[in-house]
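> turn this into a structure:
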Amino acid sequence: MIVEQLYTSCLAEAAYYIESDGEAAIIDPIRETEPYIQKLTSRNAKLKYIFETHFHADFVSGHIDLAAKTDAQIIFGPLADTKYKAYNAKDGEVFKIGKLKITVLHTPGHTPESSCYLLADENGKNYCVFTGDTLFVGDVGRPDLLDGKMTKEELAGMMYESLNNKLKKLDDDVLVYPAHGPGSACGKNIGKETWSTIGLQKKMNYAMQNMSKEKFIELVCTGLADPPQYFFEDAAINKNGYTTIDTIITRNTRNLTVQEFKAEVAAGALILDTRSADDFEKGFISGSLNVGLDGQYAIWVATLLTINQPIVIVAASGKEHESVLRLARVGYENVKGCLGGGIETWKKSESDLDSVISISCELFAKQVNTKQVIALDVRKPSEYDASHLRESLHIQLSELNKRIDMLDKNKSYSIFCAGGYRSMIAASLLKAKGFKNIINVTGGFGKIKDTGLKLKQSTPVVSH
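Model prediction:
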């Protein structure tokens, strides 16, 4: 028996590979199919089933393309209505993979069709349960993603029944394999581990404690930040189908000349620079948004831009394919191409490059003390509440576009986040909006707190 977690950090997403006696199954695959096909080929295994725990809202699943390339059957739980060929399993239905058995547990709550898959080993003992977005480490799936089709309270009530009647009844030693880890917006506050056990979750997970249904609904529905708008778009894509990933990659990675690139920008395309913050700050095309590949690239692009926004890409040499692929993972496919040769090509024919000034935390501390700049904190509210500068303005990055009118273009802003990734995104966004006096603080709050500046805990100046 092989059970392997295939974790994609930039999406905080876990897919799973299961194999027994030459037969395999994959649970919740991400968009690209090649890694799965390579694994199957290397192990001389035949993919029999692709199990989907629900219609994912935060990424586009690779289930349709993978099924087409392997002849595997796509399996959903009850109530999943797709526009492509898939099998709707019944609650309690059993599927065999070699000597293993997988039992479908319909667990509505995150969504109506949400289902978990309980795996029994060769000896018939329950070994693990793949919980999708129903149960995370320390959390449960948010119940507010149906865009008004059902209230969050109705779904939370279903979640209560699913946890108490299905998952809490499993043995304590059954492993819990969720679809997401820390950083995912599919839960409120997912723990740092990517797996656990039923027993540990009964002890540690607030939602697995004994309580009334009314109390559970109150807890689960309180403190939910607004979901990213692309969540509803991705859920629809996963339900209705999509263009093959191979077609997307071929179309969207085409090289653009400088003139073609400029023409696309003139027609409304946004310049997305996917280089690291260190490279970006030294010189970039005016108007560019910097979201580096070295962080949660796709999630931040999808948080800040609408899904149909035309995009042209400036990437480091050899990173064009990755830049396009990771956007496609979240359904962002309106890429008009990549600047051939990257920023070096632009430098050869164009003289205009913009830049961002970055300063050390020590210099930042001196400027704050003399009130030379406004300190702009773009971390999440939970980070800000835990500890922040006394003299700081707080606007989390995901809200910056909406709240940009509260900033004064004539003033100077020193921007920081936890470590430096989000602050450069924010700096590039403000520069693109016409702000001139923008400074990035390297090292972020992680180093600022060691400078001796006064810190406090309180309600944010501006919250979500």
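
> give me the neighbour count for Lys85.
11 (other C-beta atoms under 10 Å). In short, each C-beta sits where N, CA and C put it, glycine included.

> what do you get for Asp405?
Residues contacting Asp405 under the criterion other C-beta under 10 Å number 6.

> do the same with Pro35
15.

> who does the closest residue to it other than its chain neighbours bridge with?
Setting aside the residues directly before and after it, Pro35 is nearest to Leu6 in space (C-beta to C-beta, 6 or more residues apart in numbering), at 7.5 Å. Note on Leu6: beta-bridge partners Ala15, judged by DSSP bridges.

> and Leu6, how far from Leu400?
Separation of Leu6 from Leu400 (C-beta to C-beta, to the nearest Å) stands at 33 Å.

> check Pro29 too.
With the distance defined as C-beta to C-beta, Pro29 ends up 33 Å from Leu400.

> likewise Cys10?
When C-beta to C-beta is applied, the distance between Cys10 and Leu400 equals 21 Å.

> picking up where we left off before, so Pro29 and Leu400 - more neighbours on which side?
Per other C-beta under 10 Å, whichever of Pro29 and Leu400 has more neighbours is Pro29, with 26 against 20.

> how near is that one to Glu344?
Relative to Glu344, Pro29 is positioned 36 Å away (C-beta to C-beta).

> just the element for Ile75, please.
Here Ile75 sits within strand 73-76, counting by DSSP states H and E.

> list phi and psi for the nearest residue to Cys361 once chain neighbours are set aside.
Closest residue in space to Cys361, ignoring its immediate chain neighbours: Lys447 at 4.3 Å, by C-beta to C-beta, 6+ apart. The phi and psi values for Lys447, taken as degrees, to the nearest 10, are phi -100, psi -30.

> go on, the one 5 residues further on?
With angles defined as degrees, to the nearest 10, Gly452 shows backbone torsions of phi 90, psi 0.

> what of the one 3 residues further on?
In this entry, Leu455 is assigned phi and psi values of phi -120, psi 160 (degrees, to the nearest 10).

> residues contacting it?
Residues counted as contacts of Leu455 (C-beta atoms under 8 Å, 6 or more residues apart in numbering) are Ser387, His388, Leu389, Arg390, Lys449.

> out of these, which are buried?
For the contacts of Leu455, burial is judged from neighbour counts taken by 16 or more other C-beta atoms under 10 Å, and it is met by His388, Leu389.

> out of the contacts of Leu455, give me the two with the largest separation.
Greatest spacing in the contacts of Leu455, by C-beta to C-beta: Arg390 and Lys449 (12.1 Å).

> I figured Leu293 hits Glu322, correct?
Yes: in this structure, Leu293 is within contact of Glu322 by C-beta atoms under 8 Å, at 6.1 Å.

> now for these two: what residues contact both?
Between them, Leu293 and Glu322 share the contacting residues Ala315, judged by C-beta under 8 Å, 6+ apart.

> need the pLDDT of the residue of the chain positioned farthest from its centre.
Taking C-alpha atoms, centre = their mean, the residue of the chain most remote from its mean C-alpha position is Thr370, at 39.0 Å. As summarised for this prediction, Thr370 has a pLDDT of 80.

> cool, His464 as well?
Listed pLDDT for His464 reads 35.

> so that it lines up with my notes, have the first residue be 19 from now on.
With the count now opening at 19, the last piece we talked about shows up as His482.

> not counting its neighbours along the chain, what's nearest Gln385?
Per C-beta to C-beta, 6+ apart, closest to Gln385 is Val391, 4.9 Å.

> tell me the domain boundaries of this structure?
By the assignment in automatic domain parsing, the chain contains the domains 20-251, 261-358, 375-474.

> out of these, flag the one nearest Ser369.
Where the domains of the chain are weighed against each other on C-beta to C-beta, the nearest is domain 261-358, at 11.1 Å.

> buried ones in stretch 81-93?
By neighbour count, and taking 16+ other C-beta under 10 Å as the criterion, the buried residues in stretch 81-93 are His81, Ile82, Asp83, Leu84, Ala85, Lys87, Thr88, Ala90, Gln91, Ile92, Ile93.

> farthest-separated two in those residues?
Using C-beta to C-beta, those span at most 16.8 Å, a distance reached by Lys87 and Ile93.

> circling back to that earlier point, could the domains of the chain go into TSV alongside distance to Ser369?
As requested, the domains of the chain are arranged in TSV below (distance: least, C-beta to C-beta, whole Å):
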stretch	distance to Ser369
domain 20-251	35
domain 261-358	11
domain 375-474	18
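
> in the stretch 369-482 of the chain, where is pLDDT below threshold?
For the stretch 369-482 of the chain, residues meeting the criterion pLDDT under 70 lie at 475-482.

> all strands for it, in order.
Chain-ordered strands for the stretch 369-482 of the chain, with DSSP state E, counting those that start in this stretch as the definition, fall at 375-377, 392-395, 406-407, 411-412, 431-434, 456-459, 473-474.
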